[in-house]
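**Q** I'd like to go over a predicted model; first the sequence, then the structure.
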Amino acid sequence: MTNQIHQYELASFMITLSDIIKSRDLTRRSKYYGPSFRTILYFVKSLIKIALNVF
């Protein structure tokens, strides 16, 4: 069960990572550069969750 939750966290983490990369590409033309604050916050939160699950 824990492994399944861990896999889900990892998947959402990867999706968020790709979103950050995509948003960096998309916002290159616009005034604001980089991903949104909420995306970064979610990314960090999921990173901490994964770290706690692994160690």
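**A** Right, received. Where do you want to start?

**Q** count of neighbours near residue 16?
**A** 19 (other Cβ atoms under 10 Å). C-beta coordinates here come from the backbone N, C-alpha and C atoms, glycine included.

**Q** nope, residue 51 is what I was after
**A** Residue 51 - counted by other Cβ under 10 Å - has 9 other residues nearby.

**Q** and what of residue 46?
**A** 19.

**Q** repeat for residue 49
**A** 16.

**Q** report the rounded mean pLDDT for stretch 42-50.
**A** Mean pLDDT, taken over the full extent of stretch 42-50, equals 81.

**Q** and the contacts of it?
**A** Applying Cβ atoms under 8 Å, 6 or more residues apart in numbering, the external contacts of stretch 42-50 come out as 6, 9, 10, 12, 13, 16, 17, 20.

**Q** got the buried residues for it?
**A** Along stretch 42-50, the positions that meet the burial threshold by neighbour count (16 or more other Cβ atoms under 10 Å) are 42, 43, 46, 49.

**Q** which ones among these are found in helices?
**A** Filtering the buried residues of stretch 42-50 for membership in helices, criterion DSSP state H, returns 42, 43, 46, 49.

**Q** can you pull the contacts of residue 9?
**A** If a contact means Cβ under 8 Å, 6+ apart, then residue 9 has 46, 49, 50, 53 as its contacts.

**Q** for residue 40, same thing?
**A** If you count contacts by Cβ under 8 Å, 6+ apart, residue 40 has them with residue 20.

**Q** CA-only coordinates of the helix or strand hosting it in PDB, if you can.
**A** Assigned by DSSP states H and E, residue 40 falls within helix 37-54. What follows is helix 37-54 as a C-alpha-only set of coordinates in PDB (Å, rounded to 0.1, in the frame of the first residue of the first chain):
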ATOM      1  CA  PHE A  37       4.700  30.300  -7.300                       C
ATOM      2  CA  ARG A  38       1.900  27.800  -6.600                       C
ATOM      3  CA  THR A  39       3.600  25.300  -9.000                       C
ATOM      4  CA  ILE A  40       6.900  25.700  -7.300                       C
ATOM      5  CA  LEU A  41       5.300  25.300  -3.800                       C
ATOM      6  CA  TYR A  42       3.500  22.100  -4.900                       C
ATOM      7  CA  PHE A  43       6.800  20.800  -6.400                       C
ATOM      8  CA  VAL A  44       8.700  21.400  -3.200                       C
ATOM      9  CA  LYS A  45       5.900  19.900  -1.100                       C
ATOM     10  CA  SER A  46       5.900  16.700  -3.200                       C
ATOM     11  CA  LEU A  47       9.700  16.600  -3.100                       C
ATOM     12  CA  ILE A  48       9.600  16.600   0.700                       C
ATOM     13  CA  LYS A  49       6.800  13.900   0.700                       C
ATOM     14  CA  ILE A  50       8.900  11.600  -1.500                       C
ATOM     15  CA  ALA A  51      12.000  12.200   0.600                       C
ATOM     16  CA  LEU A  52      10.100  11.300   3.800                       C
ATOM     17  CA  ASN A  53       8.800   8.100   2.100                       C
ATOM     18  CA  VAL A  54      12.200   7.000   0.900                       C
END
